[in-house]
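> Need a 3D model of the sequence below.
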Amino acid sequence: QETYYGAGKPIAYGYDTFEPIPFREARPALQSFPGDEALDVLHGWGVRYVVVSANAYGADWPGTLEFLKTLPRMKLLQTIDEARTWNVDPGVLDAQPELLQYFEPDTFAVFELER
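Modelled structure (predicted):
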């Protein structure tokens, strides 16, 4: 059974509270992203677009983005800068700095997975 989200399109993504069995089974291969093994799994699932979060790579993002752009199986379509959506009292983040990742705007790179 497939799960569909949004406008009737399937979605495969890296983090959730519930992972369908095929995702759990493919986790070892997916952890090699952006290696060929991971791209093969995504291709096999019919994935057409791969969205990568800059915040997930932290300070390594500029180099990671440049590397991803060199991969023959991934074509960069665009980058999207997320607007700040939360204004948080700095005292909250001083007390719990691990929450910062949830309040910082992100940048997303959208790639088309070449067939």
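> before we move on, which element is the residue in the chain sticking out farthest from the centre in?
Distance to the chain centre peaks in the chain at Gly91, reaching 29.4 Å (criterion: CA atoms, centre = their mean). Mapping Gly91 onto the secondary structure by DSSP states H and E places it in helix 90-95.
> Enumerate the positions of the very next helix or strand once past that helix that are buried.
Beyond helix 90-95 in the direction of the C-terminus, DSSP H and E gives the next helix or strand as helix 100-103. The neighbour-count check on helix 100-103 (16 or more other CB atoms under 10 Å) flags nothing as buried. The way it works is simple: take the backbone N, C-alpha and C, and place the C-beta from them, glycine included.
> Stretch 26-35 too?
Using 16+ other CB under 10 Å as the test for burial, stretch 26-35 gives Ala26, Ala29, Leu30, Pro34.
> What are the contacting residues of it?
Among residues not part of stretch 26-35, those counted as contacts by CB atoms under 8 Å, 6 or more residues apart in numbering are 14, 19, 23, 37-42, 67-68, 71, 74.
> what about 6 Å?
Glu37, Ala38, Val41, Leu71 (CB atoms under 6 Å, 6 or more residues apart in numbering).
> Tell me which two of these sit farthest apart.
Every pair in the contacts of stretch 26-35 was compared (CB to CB); the two farthest apart turn out to be Val41 and Leu71, at 15.3 Å.
> quick one: which of those two has more around it?
Set Val41 next to Leu71 and count neighbours by other CB atoms under 10 Å: Val41 wins out with 21 against 16.
> Let me know whether my guess that Trp86 is in a helix holds.
No: the assignment for Trp86 is coil, going by DSSP: H, G, I helix; E, B strand; the rest coil, so no helix is present there.
> is it true that it touches Phe103?
Yes: using CB atoms under 6 Å, Trp86 is in contact with Phe103, at 4.8 Å.
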